[in-house]
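Asks: Quick one: sequence plus predicted model below, questions after.
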Amino acid sequence: MPTLSSRIPVVFWIVLLVWTVYALVFASQVVSMGAQQGQAITWAEALKFSFGGWMTWIPLSLGLYALVAWRPVERGRVLKTLALLMAGALLVVLLRAAYVMLTNPLFAWYGDAPLPPFTEVLTTSFFNNFLLAWLVIGIAHTLVFYRQSRERGRQVAALEASLARTQLEALRAQLNPHFLFNALNSVAEMVHRDAEQADRMLVALSSMLRDSLSSDQHQLRSLREELTMVDHYLMIEKIRLGDRLQVQRDIAPACLDVSMPALMLQPLVENAIVHGIAPSRLPGTLHIRARPHGRGLQLDVENSVATAGAARAGTGIGLHSTRSRLRLLYGANAQLSLGSPDPQMHRVRLYIPAGATA
């Protein structure tokens, strides 16, 4: 349940603090000036006079702030707004004059002299309060524009985050049909040769579909979960390719719980098999390595290079989407590089930093 202080606007506490401090400073000046002039003015008298006069500016300042918040000076309506604010400043002058007239018996604003006519009090109020009212209006504009700036900043941040999520979901939508189509092709090839193996492949494909649908709301997950997804895909490919596919893993245990973008590893593994190992009649090797790198993760997917005649040209969807997702999630902090020191191998290396910006 919210407290009373949490329901009161911050501007109220600012106004209260400013005028309280000013009233205290003014009271100390009254005491000091009285002592210099040989007049013994007590702190009780000074505080009564100071707070009686200056604390009325609390409701007046809040009223001027509310007026500015409702109609600040903005392009396209400057003259109309200035006229409205002028009326507000003159109303303050009038209210201060009326306050002096009503409270003079209590505070004796004019000392022992009789209270002058209202027109004279109003004139004095104009000279004392008109410019001060405009000073309050100027400060109110500062507070209002600062609040508007922060609100616009929050709206821009929310729009940027929403745009990033939309772009990420669009990229994932490109990938999901991509690898599921290839997996279905693999099952279709096996159905006519080995029904039992095809059934196992369908179970693995079902797990992949479940994983893909359940992870749509999560952009990040652990490497451990990504490897589980990859295992389902590799089981299908192992059945299809048999001994032509050799898989080697070198996963540092410290990397298993490191977060990475969901559905990022499997498309890289698929590219390695589809374009590097499956086209060749000779056995090929797939290496998956993970090492800590600073606070983040270095991930390698390396595969045997198919012979020139057997290699299939890819569409680049996998690598393009991977680069785009890394850029959206991590900016320039993530890296994707291609190439291996071994000319017989093709390697994709990812560096994924800790944390994401979206």
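Replies: Good, I have the coordinates.
Asks: for the stretch 1-150 of the chain, which spans come out with low pLDDT?
Replies: Scanning the stretch 1-150 of the chain for pLDDT under 70 picks out 1-8.
Asks: For it, just list every one of the helices.
Replies: For the stretch 1-150 of the chain, the helices defined by DSSP state H, counting those that start in this stretch cover 4-7, 10-36, 43-54, 57-70, 78-107, 118-191.
Asks: Out of those helices, the one nearest Gln219 is which?
Replies: helix 118-191 (5.8 Å; C-beta to C-beta). (Each C-beta comes from the backbone N, C-alpha and C, glycine too.)
Asks: next structured bit after the closest one?
Replies: helix 195-214 (DSSP states H and E).
Asks: Geometric centre of the protein: which residue is closest?
Replies: Ala157 (5.0 Å; C-alpha atoms, centre = their mean).
Asks: How much space separates that residue from Arg150?
Replies: To Arg150, Ala157 is 11 Å away according to C-beta to C-beta, to the nearest Å.
Asks: Also Gln36?
Replies: 46 Å.
Asks: With Ala83 instead?
Replies: 29 Å.
Asks: Phe130 now?
Replies: 31 Å.
Asks: For those two, work out which one has more neighbours and name it.
Replies: Phe130 (16 against 10; other C-beta atoms under 10 Å).
Asks: one step back: need the helices of the stretch 1-150 of the chain in a markdown table (columns: distance to Leu202).
Replies: Below are the helices of the stretch 1-150 of the chain laid out as a markdown table (distance: least, C-beta to C-beta, whole Å):
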| stretch | distance to Leu202 |
| --- | --- |
| helix 4-7 | 57 |
| helix 10-36 | 61 |
| helix 43-54 | 82 |
| helix 57-70 | 64 |
| helix 78-107 | 70 |
| helix 118-191 | 6 |
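Asks: Check the ones you listed for me and report the most buried one.
Replies: helix 57-70 (a mean of 18; mean count of other C-beta atoms under 10 Å).
Asks: Mind splitting this structure into its structural domains?
Replies: 8-155, 194-352 (automatic domain parsing).
Asks: Between the ones you listed, which one is closest to Phe181.
Replies: Nearest of these (C-beta to C-beta): domain 194-352, 10.6 Å.
Asks: quick check: mean pLDDT across that closest one?
Replies: Domain 194-352 shows a mean pLDDT of 83.
Asks: Now find how far off-centre that domain is within its chain.
Replies: 31 Å (C-alpha atoms, centre = their mean, to the nearest Å).
Asks: Span of it from start to end?
Replies: Using C-alpha to C-alpha, to the nearest Å, one end of domain 194-352 lies 40 Å from the other.
Asks: Over to stretch 39-48?
Replies: Stretch 39-48 end-to-end distance (C-alpha to C-alpha) = 17 Å.
Asks: returning to that earlier point: export the domains of the chain as CSV, with columns for distance to Ser186.
Replies: Output for these, formatted as CSV (distance: least, C-beta to C-beta, whole Å):
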stretch, distance to Ser186
domain 8-155, 47
domain 194-352, 5
